[in-house]
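In: What follows is a predicted structure for the sequence shown.
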Number of protein chains: 2
Amino acid sequence: MISVMQGGRAAERLAEGVVAEGRRRGQPRSIGLSAVIIAAASYDPRVLTIRVDGAEALPSGPLEAEHRTLEIGLRNWVERQTSEHLGYVEQLYTFGDRDRVSAGMAAPALVVAYLALVREAAPAGPVDAAWQSWYRYVPWEDWRDGRPALLAPIEERLERWATTAQTDAQRRLREERIGLAFGLGGASWNEELVLERYELLYEAGLVAEAERDLGQPAERLDGTAGAEMAVDHRRILATAIGRLRGKIKYRPVVFELMPPAFTLLQLQRTVEALSGVKLHKQNFRRLVEQQGLVEETGSMSAATGGRPARLVRFRREVLLERPAPGLRLRAGRRVS
Amino acid sequence: MISVMQGGRAAERLAEGVVAEGRRRGQPRSIGLSAVIIAAASYDPRVLTIRVDGAEALPSGPLEAEHRTLEIGLRNWVERQTSEHLGYVEQLYTFGDRDRVSAGMAAPALVVAYLALVREAAPAGPVDAAWQSWYRYVPWEDWRDGRPALLAPIEERLERWATTAQTDAQRRLREERIGLAFGLGGASWNEELVLERYELLYEAGLVAEAERDLGQPAERLDGTAGAEMAVDHRRILATAIGRLRGKIKYRPVVFELMPPAFTLLQLQRTVEALSGVKLHKQNFRRLVEQQGLVEETGSMSAATGGRPARLVRFRREVLLERPAPGLRLRAGRRVS
DNA sequence: ACCCCTTATTCTCATATTCAGCATAACTCA
DNA sequence: TGAGTTATGCTGAATATGAGAATAAGGGGT
């Protein structure tokens, strides 16, 4: 038997305290919903942004009382406005920062953030709404044409920041975090670590939000550090991108972004746009076909520049057949 | 280029509505924190429960104002009570059910649930606190000795419930959900689908909570349907178990439950206790050693009944070496 | 001392999956 | 007609995985 018995009355103290505190009511705070609404047009992942007091922000609204659950609330809320079906809605994370304030604009104390996928990417509407490429906010995440040049200055600043650590252990920790997140020194680029990378840039003061929130002067990076967003919306976006990049590997969510019929290359380009890396064409199609994710429509694509391609559609049945029918893209793959 | 342009002014309408609503403030609601605190003693996964008005419940408390983030709040809150370090804390999900009421006990409108892992499993404390095997609440999840006998009556009732569907399509959907979740008809048991299974049982009225919440008489199952919990705590527990079972595959979180030094078989038994299935011994140790998750301590185990075993410890460095250093137990493995 | 039982540890082997290209087909455009 | 472009089929090497044989090293009983 494993020897995990120790400590004594700790569990008891825990339970007592918890019971006592649990019986008091928490003081009310304002609760908000934020939505990262994603579409994929022209092989460019887009996020719907609005302008609030000049700053770019994610669509956000208050939690309404009339809905039974949060997700149903969000779904209704968005669908009412768009008459567009949200194919996929997923709760991302609940951010509860006590002092969520940005440029004088007080934000709700608690924000439940959602990720939603839509098929449409209509051109930008009124002045304050726009579909933006998500790489506008995290340009270092697009490795489709190889390692982005703008990573060079970023990494240089990060390394310098690591050396400013108080203790030696802290410096080593920073260096290891940087290496892991940015694929330096042996480690390879992992496209899912979007949040980790953003947080490093934030801590190192390399994104505008850091300067704004902490008052400390940011290292000027001449636009290579991406566009700023209101409050912590860029952190929420980073969370969403990371989550989506992971999710497409074990759930068939990409198809929520595809038109009813598509070619395998279109599917591949969309996956590449989301994950930010190039994939091996022949292996990709083998994967997709082997797993029975798509079926023939019978027709061929209008013309793709070369030999016409079969048009396929998503096989909805796979949702009920296997528990994890994603595009199991092996991590660490880096090919053309 | 993909033809995803369509619809026209939908995005515009969406953005307008969102902006307008976002400028109003949501009415305050009470916010709660609930914790699923897990320990693993004697190869039995334990969850810390308390008694509230006679019902078994998860430790829960109000959100306090003095902490910067939710997780820090929870950490402090628990650590203050236990003087025990929470090795691993993860936000699980935010439950926002408008009418979260149970047996007259009004619950917070919004609950942020956390999963925490502790190394200790002290004996049950005062009358209202106890470490309970989590299989007490979801007995059908323990497949370590083969398919649990109590699944037979459960499946029978589920099949019957499927036939009561309104439409034919609905019936087929139910049958497919049941088959997928419980590994019937071709599909194999997937230990991660804990929540899916609980929700089916709930919908079919086979767990006591369904009767209580919906007023509809539950099918009596003579205790095979597991122990009841307050409010939606059993759903939260199911979410936690499923998440943890998935997480151990790509993050080294099991080690948070292990003593400082352990044998490979102890590690295997713990993983089996969590995932609820038996693993192949030789392959398990190959996996663990190949991935460099552990290192020698030099000493040997006191005696395990047979040949003495090496004692190993977790290699903390792997956290910084690879992004996904879990026990990549292949799904669908079912061995002794 | 010897036999039996139990667990630990090392290896093998067959199979499946993945990676990386090669080769060929089918179209457009100049 | 030939060059360029994309589609599609196929192969061979490298890895990873599943299952189990074989051997090692303790304890306990006779």
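Out: Cool, the structure landed. Numbers count the residues shown, from 1 in each chain, chains lettered A, B, ... in the order given.

In: C-alpha from now on. contacts and neighbour counts both.
Out: OK.

In: Tell me who's in contact with the closest residue to A:Ile241 other than its chain neighbours.
Out: The shortest distance from A:Ile241 to any non-neighbouring residue, by Cα to Cα, 6 or more residues apart in numbering or on different chains, is to A:Val194 (6.8 Å). By Cα atoms under 8 Å, 6 or more residues apart in numbering or on different chains, the residues touching A:Val194 are A:Glu141, A:Ala238, A:Thr239, A:Ile241, A:Gly242.

In: Tell me both backbone torsions, phi and psi, for the first one.
Out: Geometry field for A:Glu141 lists phi and psi as phi -90, psi -10, criterion degrees, to the nearest 10.

In: Redo the contacts of A:Val194 as TSV? Include secondary structure and neighbour count.
Out: Shown next, in TSV, are the contacts of A:Val194 (DSSP: H, G, I helix; E, B strand; the rest coil; neighbours: other Cα atoms under 10 Å in any protein chain shown):
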residue	secondary structure	neighbour count
A:Glu141	helix	26
A:Ala238	helix	24
A:Thr239	helix	23
A:Ile241	helix	26
A:Gly242	helix	19
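
In: Between the residues you listed, which sits nearest A:Arg212?
Out: Of all those, A:Ala238 has the smallest distance to A:Arg212: 18.2 Å, by Cα to Cα.

In: Tell me the spacing between the closest one and B:Tyr93.
Out: Distance of A:Ala238 to B:Tyr93, given as Cα to Cα, to the nearest Å: 18 Å.

In: which SS class is A:Ser188?
Out: Recorded secondary structure, A:Ser188: coil (DSSP: H, G, I helix; E, B strand; the rest coil).

In: any idea of the pLDDT on it?
Out: Turning to A:Ser188, the model gives it a pLDDT of 80.

In: Return the distance of it relative to A:Ala181.
Out: 9 Å.

In: So between those two, which is more surrounded?
Out: Between A:Ser188 and A:Ala181, A:Ala181 has the larger neighbour count (other Cα atoms under 10 Å in any protein chain shown), namely 25 against 18.

In: show me what contacts the residue nearest to that one when sequence neighbours are not counted?
Out: Using Cα to Cα, 6+ apart and skipping residues adjacent in sequence, the residue nearest A:Ala181 is A:Arg197, 5.7 Å away. Residues in contact with A:Arg197 (Cα under 8 Å, 6+ apart) are A:Ile178, A:Ala181, A:Phe182.

In: A:Val271 too?
Out: Per Cα under 8 Å, 6+ apart, neighbours of A:Val271: A:Val254.

In: so how far is A:Asp142 from it?
Out: From A:Val271 to A:Asp142 the distance is 12 Å (Cα to Cα).

In: What is the burial count for A:Gly305?
Out: A:Gly305: 6 neighbours (other Cα under 10 Å).

In: how much space between it and chain B?
Out: 11 Å (Cα to the nearest Cα, to the nearest Å).

In: per-residue confidence at that residue?
Out: 80.

In: closest point of the stretch 51-200 of chain A to chain B, which residue?
Out: Taking Cα to the nearest Cα, chain B has its nearest neighbour within the stretch 51-200 of chain A at A:Gly61, 3.8 Å off.

In: Backbone torsions only: list them for that residue.
Out: Torsion angles, degrees, to the nearest 10, at A:Gly61: phi -150, psi 170.

In: That one against A:Ile31, yeah?
Out: No - in this structure A:Gly61 lies outside contact range of A:Ile31 using Cα atoms under 8 Å: 9.0 Å.

In: Tell me how many other residues crowd the closest residue to A:Val294 other than its chain neighbours.
Out: Distances taken as Cα to Cα, 6+ apart put A:Phe314 closest to A:Val294, at 4.5 Å, once the chain neighbours are dropped. Counted with other Cα under 10 Å, the neighbours of A:Phe314 add up to 21.

In: again, but for A:Glu176
Out: By the criterion of other Cα under 10 Å, A:Glu176 has 19 neighbours.

In: Kindly report the same for A:Gly298.
Out: 9.

In: Could you point out the longest strand of chain A?
Out: Here the longest strand in chain A is taken by residue count, with DSSP state E as the criterion, and it is strand A:31-41.

In: Buried ones in stretch A:181-193, by neighbour count?
Out: Under the neighbour-count criterion of 16 or more other Cα atoms under 10 Å in any protein chain shown, stretch A:181-193 has A:Ala181, A:Phe182, A:Ala187, A:Ser188, A:Trp189, A:Asn190, A:Glu191, A:Glu192, A:Leu193 buried.

In: and these, which two are the farthest apart?
Out: Distances among those were taken as Cα to Cα; the most separated pair is A:Ala187 and A:Glu192, at 13.6 Å.

In: contacts for stretch A:47-54?
Out: If you take Cα under 8 Å, 6+ apart as the criterion, stretch A:47-54 is touched by A:36-39, A:56-59, A:128-134, A:230, B:15, B:19.

In: hmm, back to that, now the helix or strand where the residue nearest to A:Ala181 lies, how far from the chain's geometric center?
Out: Per DSSP states H and E: A:Arg197 is located in helix A:194-203. Between the centre of helix A:194-203 and the centre of its chain there are 13 Å (Cα atoms, centre = their mean, to the nearest Å).

In: Please enumerate the strands of the stretch 101-250 of chain A.
Out: A:101-102, A:105-106, A:110-117, A:129-133 (DSSP state E, counting those that start in this stretch).

In: Can I get those strands in a markdown table including distance to B:Glu203, mean neighbour count and mean pLDDT?
Out: Formatted as a markdown table, these follow (distance: least, Cα to Cα, whole Å; neighbours: other Cα atoms under 10 Å in any protein chain shown; pLDDT from 0 to 100):
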| stretch | distance to B:Glu203 | mean neighbour count | mean pLDDT |
| --- | --- | --- | --- |
| strand A:101-102 | 42 | 16 | 46 |
| strand A:105-106 | 41 | 12 | 52 |
| strand A:110-117 | 25 | 23 | 92 |
| strand A:129-133 | 39 | 22 | 88 |
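
In: of all those strands, which lies closest to DNA strand C?
Out: Of all the strands of the stretch 101-250 of chain A, strand A:110-117 sits nearest to DNA strand C, with 25.8 Å by Cα to the nearest atom of the strand.

In: The closest one - contacts with which helices or strands?
Out: Packing partners of strand A:110-117 (3 or more Cα pairs under 8 Å, 6 or more residues apart in numbering or on different chains; DSSP states H and E): strand A:31-41, strand A:88-95.
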